[in-house]
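Chemist: structure for the following, please:
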Amino acid sequence: MPAASDQSADMQRGAAGLLAWVDGIRARLKRWQRPLGIAIAVLFIGGIVWSVGALDLSADRINWGALAILALVMVPASQTYGAAGMVLLARAGGHGIAWSQAVRSNNYAQLAEVLPLPGGAIVRTGALVSAGSSRTRGALLVTGGAVLWVAVAACAAGLTLELRGNPAGLALIAPSVPAIAALVFLFARSASWGTALLLLAHRLLGLVLTAVRLWLSFSAVGSTLRPFEMMPFALATIAGSASSIAPAGLGVSEAMAALIAGSMATAPAIAFLGVALNRLVGLGMVAVMVGVDHLRDPGSRG
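Modeler: Okay, the predicted model is just below:
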């Protein structure tokens, strides 16, 4: 019993330290919240208005079936994928996490991405701290997982561009392959080769899910690109979100997608709007999931 009590006290101290860290970040970012929020809103809303006008898009020209599949099938699949990632990160840290807690933490983390700070990373780190990791170890696991996510996306985008004869492909592949190898090795040292390879396989599956989601949202606004051709746009989505320049990469991912649209022989307006639709549908569905979870358990501190 004393050992269990000590462990509980350590977990509480770790959670308290995490909250203090979050408060520090909020204090530093507070003075930038308003101008950053205004700039992001102008970029995002202005980009959507420009895209709709450039495509002369009307309600009867939108593929609503594709959006329905995105909302009702792919977003829940993505959230299940994210919860599995929480379980794997906890395992990499030498701890276990209940599936229900992994699902809840992932849902709240996705919604927290819209905060003007790395909200998703903070929520995920907090979940790992609650599972028994130290704050530092939890933060390293979450950061390592995020960097692996970007590296895998960069490698896939590079392969896609290389197949199209674009020299930028090799520039993406060259740094991403050693980065992936180094991260897998570090996860193997932290846990085991089995866990490290499962994390890599998990990221590859996530990339497929992201590509299918983008293909559906792009198709909804008239794109004829195929699912595997979504990889550069998947990189824009993932890298923009991971950059923390703006909440959830809002506007940043869309702008990056528009810039690389020419290399994939598609219109910048389709790229901007396709990434924006994927984001908005995803956040809307996750908000519903979090709302339902809160109604089921109003006492939750999620």
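
Chemist: give me the nearest residue to residue 259, chain neighbours excluded.
Modeler: Using CB to CB, 6 or more residues apart in numbering and skipping residues adjacent in sequence, the residue nearest residue 259 is residue 268, 7.4 Å away. C-beta here means a position set from N, CA and C on the backbone, and glycine is covered the same way.

Chemist: now do the contacts for the one you found.
Modeler: By CB atoms under 8 Å, 6 or more residues apart in numbering, the residues touching residue 268 are 51, 54, 258, 259, 261, 262.

Chemist: now do the second one against residue 280, distance only.
Modeler: Put plainly, it is residue 54. In this view, residue 54 and residue 280 are 18 Å apart by CB to CB, to the nearest Å.

Chemist: again with the first one
Modeler: Using CB to CB, we find residue 51 at a distance of 13 Å from residue 280.

Chemist: please identify which of these two sits among more neighbours.
Modeler: residue 51 (24 against 14; other CB atoms under 10 Å).

Chemist: please name the residues that touch that one.
Modeler: 57, 221, 268, 269, 270, 272, 273, 276.

Chemist: name the nearest of the residues you listed relative to residue 186.
Modeler: Distance to residue 186 across the contacts of residue 51 (CB to CB) is lowest for residue 276, with 34.7 Å.

Chemist: I'd say that closest one and residue 45 touch.
Modeler: No - under the criterion of CB atoms under 8 Å, residue 276 makes no contact with residue 45, lying 9.7 Å away.

Chemist: who has more neighbours, those two?
Modeler: residue 276 (22 against 12).

Chemist: coming back round to it: need the max-distance pair from the contacts of residue 51.
Modeler: Top of the distance list for these (CB to CB): 57 and 268, 13.9 Å.

Chemist: tabulate the contacts of residue 268 (CSV), appending secondary structure.
Modeler: Formatted as CSV, those follow (DSSP: H, G, I helix; E, B strand; the rest coil):
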residue, secondary structure
51, helix
54, helix
258, helix
259, helix
261, helix
262, helix
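
Chemist: now do the host helix or strand of residue 241, average pLDDT.
Modeler: Per DSSP states H and E, residue 241 falls inside helix 231-243. On average, the pLDDT along helix 231-243 is 85.

Chemist: any buried residues in it, and which?
Modeler: The neighbour-count check on helix 231-243 (16 or more other CB atoms under 10 Å) flags 231, 232, 233, 234, 235, 236, 237, 238, 239, 240, 241, 242 as buried.

Chemist: hmm, the third one is touching residue 273, no?
Modeler: In this case it means residue 233. No - counting by CB under 8 Å, residue 273 is not a contact partner of residue 233; they are 11.6 Å apart.

Chemist: against which helices or strands is the helix or strand hosting residue 87 packed?
Modeler: Residue 87 belongs to helix 75-92 when elements are defined using DSSP H and E. Counting contacts by 3 or more CB pairs under 8 Å, 6 or more residues apart in numbering; DSSP states H and E, helix 75-92 packs against helix 99-112, helix 119-131, helix 135-163, helix 193-220, helix 268-296.

Chemist: which residues does the residue lying closest to residue 89 once chain neighbours are set aside contact?
Modeler: Distance criterion CB to CB, 6+ apart; nearest residue to residue 89, sequence neighbours excluded, is residue 141 at 4.9 Å. Residue 141 makes contact with 89, 92, 93, 128, 133, 190, according to CB under 8 Å, 6+ apart.

Chemist: thanks a lot, see you next time.
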